[in-house]
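Enquirer: below is the sequence, then the predicted model.
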Amino acid sequence: MRTIKNEWITASDGVRICTDVYLPDGDGPFPALYAVAPYQKDLLHLPAVSMYRFIETGPLDYWIGHGYAVVVGDQRGTGKSEGRFELFGPAEQRDFYDTIEWIASRPWSTGKVSMIGESAYSVNQWLAAAQRPPHLTCALIYSGFTNLYHDAVYHGGVYSMGFLNFWSTDQLRAGATIGGSTPPRPGGTADPVGMTLDRPVFDDWWEQRAVKVEDIDVPVLNIAWWYSIGLHLRGQLDGYERLKGTDRRLVVLDGTDSHERYYQPDFLDTHIRPWYDHWLKGVDNGVMDGPAVRIQVANSGRPLREESEWPPRRAVPVTLYLDPEPAHAVLSLNDGSLATTPPSPPEGTATAYDYPNPEWTVGTTVITDGIPQPTRGILTFTTAPLEHDTEVTGKITLVLYAESDQTDTDFHVKISEQKAVPKLREALMRKVAKNVPPPSAMVTRGWLKASHRTRPPQPIEPGAVVRYEIEIWPTSYLFPKGSRIRLEIANGDSAVADGLFHHYYGHKAGRDLIHHDADHPSHLVLPVIR
């Protein structure tokens, strides 16, 4: 490997962007892979472990060993690069265009360029591809997103505080001013939390940072993971649907190890390198053969399955109605049911939800005797134990008829698998540990701020019953026979139950009512593969 440190590229507005160039031994020229993010290229000596989640380029030595030049850059206003970091703003997007064209002009380059890296690196790749630099030959986008507002910052209008605090403070500002190996550029003082809090409604500022997917004209392989709820999954699937042309492919995988796998040679050999080899080296390896979509059904243990499109049209919409009858499933405020028949109760039947709940300990999670009980302080609606394996694959919608005594409220929705437990074990658990909730697994989530049911946002009238359509992020998940499908509804969430992707709760106090009568049949629509 030959390394050229601190190559400076002058952007179209005169700002200088700093990059490192890694070249294979030999005369070349080589096809090139470009990685750029606000994470400081001089920190790439750190190991790619979960502790250092910002190390996301993939193994550079792997790519150089397979005959690729690799260029790693500091995003404008971060690391050594000049200028001001403006959270994926227009100037940064132009920098990607300028850098790709600079790479193509180098004597060591064949003129064929693509990009590598996950998460922020892949967000930048979406944005770069939409700029249409002439020498960007293909794209391989791994766990990115296309809409900063909807996919990452404001989920249905609800502020994703946990992630923004972590990312802007830990990954950007503290990394630049405390942990960095170079003197911080002005970007070290950038305030993404302030930038985003000042703009709670989608406007031109957000529009400038939304990927114009329809402008992308290069072949794209889009790789996503089902577990990435709250950041990557929605945008990756939305991006695939909006791409034009036939040179597009989608792979969606099960598991929670997307970062680890991106550094494993066998995974790269199977899913990543063939795409680059085909488009950048002209290798006839069959990557464009067969159907365009391959998915791995989560919780199934099955290999990838081919589909002709996403979402699969063969999925059958199944409606489950919110029913006040007890499901005898879990300790919650109501322990309601999900039923296959429409409700018959008279008008006015509703389930009340008062907030804040005095038992809440961390967000909406109740902790009793040191044991977290995520459902105890919220509403649940659960099916009876399933009579057969049930695969849910596609887009999910919750139609909710609700009223509030406030002018605005939030809906946080979660679909979980409540796992089947043998009766003897269940009885033993209740006897020995009364506060231990039944085992469950989060499948997917959705959010909506009531005022954001319209665009532009409109407050709600206190006491009025309003129909909401709440987008729940897509999934492909196998609910085994004997398990239950559980719908959870709250107006907040918790760092205990929801980890990094919990949301700002705000100064909320009031009462919401979820209606489920014949005139207001609140229901969940699941796409089921027969």
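Expert: Done, it's in. Numbers count the residues shown, from 1 in each chain.
Enquirer: output stretch 220-232 as CSV, nothing but the C-alphas.
Expert: Provided in CSV are the C-alpha atoms of stretch 220-232 (Å, rounded to 0.1, in the frame of the first residue of the first chain):
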residue,chain,number,x,y,z
VAL,A,220,-27.4,1.4,-7.5
LEU,A,221,-27.1,-1.5,-5.1
ASN,A,222,-29.1,-0.7,-2.0
ILE,A,223,-28.3,-2.8,1.2
ALA,A,224,-30.5,-2.4,4.3
TRP,A,225,-31.1,-4.2,7.6
TRP,A,226,-34.5,-4.7,9.2
TYR,A,227,-33.4,-3.9,12.7
SER,A,228,-32.4,-0.3,11.8
ILE,A,229,-35.6,1.3,13.0
GLY,A,230,-35.4,5.0,13.6
LEU,A,231,-32.5,5.8,11.3
HIS,A,232,-31.6,3.8,8.2
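Enquirer: where does pLDDT dip in the stretch 151-300 of the chain?
Expert: By pLDDT under 70, the weakly predicted segments of the stretch 151-300 of the chain are 181-189.
Enquirer: just name the shakiest helix or strand of the protein by mean pLDDT.
Expert: Lowest by mean pLDDT, DSSP states H and E among the helices and strands of the chain is helix 423-432, with a mean of 61.
Enquirer: after it, next one along is what?
Expert: strand 440-449 (DSSP states H and E).
Enquirer: which is the next helix or strand following the longest helix along the chain?
Expert: In the chain, taking DSSP state H as the definition, the longest helix is helix 90-105. Later in the chain than helix 90-105, the nearest helix or strand by DSSP H and E is strand 109-115.
Enquirer: relative to helix 90-105, how tilted is that following strand?
Expert: If you take axes from the mean of the first three to the mean of the last three Cα atoms, to 10 degrees, strand 109-115 sits at 150 degrees to helix 90-105.
Enquirer: for strand 109-115, buried residues please.
Expert: Ser109, Thr110, Lys112, Val113, Ser114, Met115 (16 or more other Cβ atoms under 10 Å). Glycine gets a C-beta too; all of them are placed from N, C-alpha and C.
Enquirer: what does that strand contact?
Expert: Applying Cβ atoms under 8 Å, 6 or more residues apart in numbering, the external contacts of strand 109-115 come out as 28-36, 69, 100, 103-104, 121, 124-125, 128, 133, 135-140, 276, 279-280.
Enquirer: circling back to that earlier point, how far does the longest helix of the chain sit from its chain's centre?
Expert: 26 Å (Cα atoms, centre = their mean, to the nearest Å).
Enquirer: for that helix, packing partners?
Expert: strand 2-10, strand 16-23, strand 30-37, strand 69-74, strand 109-115, helix 120-130 (3 or more Cβ pairs under 8 Å, 6 or more residues apart in numbering; DSSP states H and E).
Enquirer: just send those back as TSV, with distance to Val213 too.
Expert: Formatted as TSV, the helices and strands packed on helix 90-105 follow (distance: least, Cβ to Cβ, whole Å):
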stretch	distance to Val213
strand 2-10	26
strand 16-23	25
strand 30-37	19
strand 69-74	23
strand 109-115	16
helix 120-130	7
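Enquirer: make JSON lines out of these and add distance to Pro342 and mean pLDDT.
Expert: Putting the helices and strands packed on helix 90-105 into JSON lines (distance: least, Cβ to Cβ, whole Å; pLDDT from 0 to 100) gives the following:
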{"stretch": "strand 2-10", "distance to Pro342": "62", "mean pLDDT": "97"}
{"stretch": "strand 16-23", "distance to Pro342": "60", "mean pLDDT": "98"}
{"stretch": "strand 30-37", "distance to Pro342": "50", "mean pLDDT": "98"}
{"stretch": "strand 69-74", "distance to Pro342": "57", "mean pLDDT": "98"}
{"stretch": "strand 109-115", "distance to Pro342": "50", "mean pLDDT": "98"}
{"stretch": "helix 120-130", "distance to Pro342": "42", "mean pLDDT": "98"}
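Enquirer: between the ones you listed, which gets nearest to Lys508?
Expert: Across the helices and strands packed on helix 90-105, the minimum distance to Lys508, taken as Cβ to Cβ, is reached by helix 120-130, at 31.1 Å.
Enquirer: measure how buried the closest residue to Asp238 other than its chain neighbours is and give me the count.
Expert: Leaving aside its sequence neighbours, Asp238 sits nearest to Thr146 (Cβ to Cβ, 6 or more residues apart in numbering; 5.7 Å). Neighbourhood size, Thr146 [other Cβ atoms under 10 Å]: 23.
Enquirer: how about the buried residues of strand 109-115, which pair is most distant?
Expert: Thr110 and Met115 (15.4 Å).
Enquirer: residues contacting the residue nearest to Ser122 when sequence neighbours are not counted?
Expert: The shortest distance from Ser122 to any non-neighbouring residue, by Cβ to Cβ, 6+ apart, is to Gly144 (3.0 Å). Counting by Cβ under 8 Å, 6+ apart, Gly144 makes contact with Glu118, Ser119, Tyr121, Ser122, Val123, Gln125, Trp126, His232, Gly235, Gln236, Gly239.
Enquirer: now do stretch 133-141, average pLDDT.
Expert: Stretch 133-141 carries an average pLDDT of 98.
Enquirer: quick check: bridge partners of the residue lying closest to Arg484 once chain neighbours are set aside?
Expert: Distances taken as Cβ to Cβ, 6+ apart place Gln418 nearest to Arg484, at 4.1 Å, with adjacent residues excluded. Beta-bridge partners for Gln418, by DSSP bridges, are Ser440, Arg484.
Enquirer: point out the other helices and strands that the particular helix or strand that has Gly235 in it packs with.
Expert: According to DSSP H and E, Gly235 maps onto helix 233-242. Counting contacts by 3+ Cβ pairs under 8 Å, 6+ apart, helix 233-242 is packed against strand 220-225, strand 248-253, strand 466-479.
Enquirer: ok, which of the ones you listed comes nearest Ala350?
Expert: Here strand 466-479 is closest among the helices and strands packed on helix 233-242 (Cβ to Cβ), at 12.7 Å.
Enquirer: got the angle for that closest one vs strand 248-253?
Expert: 70 degrees.
Enquirer: Val496 is in contact with Pro372, correct?
Expert: Yes. Assessed by Cβ atoms under 8 Å, Pro372 is found in contact with Val496 at 5.0 Å.
Enquirer: and the gap between the residue nearest to Glu7 when sequence neighbours are not counted and Ala464?
Expert: Among residues not flanking Glu7 along the chain, Thr19 sits closest, at 4.9 Å (Cβ to Cβ, 6+ apart). Distance of Thr19 to Ala464, computed by Cβ to Cβ, to the nearest Å: 57 Å.
Enquirer: the two: who's more crowded?
Expert: Just comparing Thr19 and Ala464: by other Cβ under 10 Å the higher neighbour count belongs to Thr19, 24 against 9.
Enquirer: enumerate every residue touching the more buried one.
Expert: Asn6, Glu7, Trp8, Ile9, Lys41, Val71, Val72, Gly73, Asp74, Thr99.
Enquirer: same thing with Pro356?
Expert: Pro356 sits in contact with Lys508, Ala509, where contact means Cβ under 8 Å, 6+ apart.
Enquirer: distance of it relative to Gly245?
Expert: 50 Å.
Enquirer: likewise Lys212?
Expert: Distance from Lys212 to Gly245, counting by Cβ to Cβ: 15 Å.
Enquirer: between the two, tell me which one has more neighbours.
Expert: Remark: of Lys212 and Gly245, Lys212 carries more neighbours, 16 against 10, as counted by other Cβ under 10 Å.
Enquirer: the more buried one touches Ala129, doesn't it?
Expert: No. Using Cβ under 8 Å, Lys212 is not in contact with Ala129, being 9.6 Å away.
Enquirer: separation between Arg2 and Pro24?
Expert: On the measure of Cβ to Cβ, Arg2 and Pro24 end up 8 Å apart.
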